[in-house]
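# Predicted coordinates and the sequence they were generated for:
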Amino acid sequence: MADWTEALIDGFTIAGADSGGGIVVNGFASGLTVSNNRVINNAGIKSGGIRLGHPTLIAEATSGACAEGEATCYADAGNHGIDIHHNYVGLNGGQSGAGGGVSLHTGSDGYALTDNYICGNFNLQQGGGVAHLGLSDGGLIARNTIIFNESYNQTQTVSGGGLLIAGEPVLVGQALSPGAGNVTVDGNLIQGNAADAGNGGGVA
């Protein structure tokens, strides 16, 4: 019987998306591997290149997903243990959310983003190259080349030209942001990125 938790996206050139971005991993895709792809020249409402989960998906307390006392919370996408490696992610653009090149949202626990070439991506919001936004524990960002990416918006202060690691904004009824979780960033080349109207041209 096939193990659907070990799907593979490998060896593709994905180009020309105009609203959804290049690769969107919606939810409950634990064990997926995204490898050896060229994800180039894509545009997305939430992210341009590769996106795990959702930056704005909210769960109600009645679903049982929220902590005690919270009326609403950010939904866990259930994308655990996803491996993204040896991809070329270049010249993609995002309009909102976070991450013009690669976006890792709430519920991406135990992901590994390794040995990728992430170059020339742009986002109108946070994180031009890579964004880890929301609570995802045990993430690894290692040995990537993250160069010449940009986050810029004339009307807002957006940060993290190369790499953004941040918690989601506080929701009504929450005392604090859930935070980002624990993330290891090791051995990356982060160079020539820009956050033109915010903080952290390289890393925020």
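Everything's here; your move. Residues are numbered from 1 along each chain as shown.
# For burial, what's the neighbour tally of residue 95?
Applying other CB atoms under 10 Å, we find 18 residues neighbouring residue 95. Backbone N, C-alpha and C define where each C-beta goes, glycine included.
# so what's it up against?
Going by CB atoms under 8 Å, 6 or more residues apart in numbering, residue 95 touches 43, 44, 45, 46, 123, 124, 125.
# how close does the fifth one sit to residue 183?
Yep, that's residue 123 we're talking about. For residue 123, the distance to residue 183 equals 19 Å [CB to CB, to the nearest Å].
# Tell me how far the strand or helix carrying residue 89 lies from the chain's centre.
Residue 89 belongs to strand 88-90 when assigned by DSSP states H and E. When distances are taken as CA atoms, centre = their mean, to the nearest Å, strand 88-90 is centred 14 Å away from the chain's centroid.
# Quick check: neighbours of the helix or strand just after that strand in the sheet, parallel or antiparallel?
Going down the chain from strand 88-90, the next helix or strand is strand 93-94, by DSSP H and E. With DSSP bridges as the test, strand 93-94 is paired with strand 43-44 (parallel), strand 122-123 (parallel).
# can I get those in CSV with mean pLDDT and mean neighbour count?
Formatted as CSV, the strands paired with strand 93-94 follow (pLDDT from 0 to 100; neighbours: other CB atoms under 10 Å):
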stretch, mean pLDDT, mean neighbour count
strand 43-44, 96, 24
strand 122-123, 96, 28
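# mind putting those in CSV, distance to residue 177 included?
Formatted as CSV, these follow (distance: least, CB to CB, whole Å):
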stretch, distance to residue 177
strand 43-44, 24
strand 122-123, 20
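# got the end-to-end distance for stretch 40-50?
10 Å (CA to CA, to the nearest Å).
# what's the spacing between it and its chain's center?
Taking mean C-alpha positions (CA atoms, centre = their mean), stretch 40-50 and its chain are 11 Å apart.
# And it, what's buried?
Across stretch 40-50, burial judged by 16 or more other CB atoms under 10 Å covers 40, 41, 42, 43, 44, 46, 47, 48, 49, 50.
# Please narrow these to those residing in strands.
If you go by DSSP state E, the buried residues of stretch 40-50 have 40, 43, 44, 50 in strands.
# Relative to residue 124, how far out is the closest residue to residue 49 other than its chain neighbours?
Once flanking residues are discounted, residue 49 sits nearest to residue 92: 3.9 Å by CB to CB, 6 or more residues apart in numbering. As for residue 92, its distance to residue 124 is 12 Å (criterion: CB to CB).
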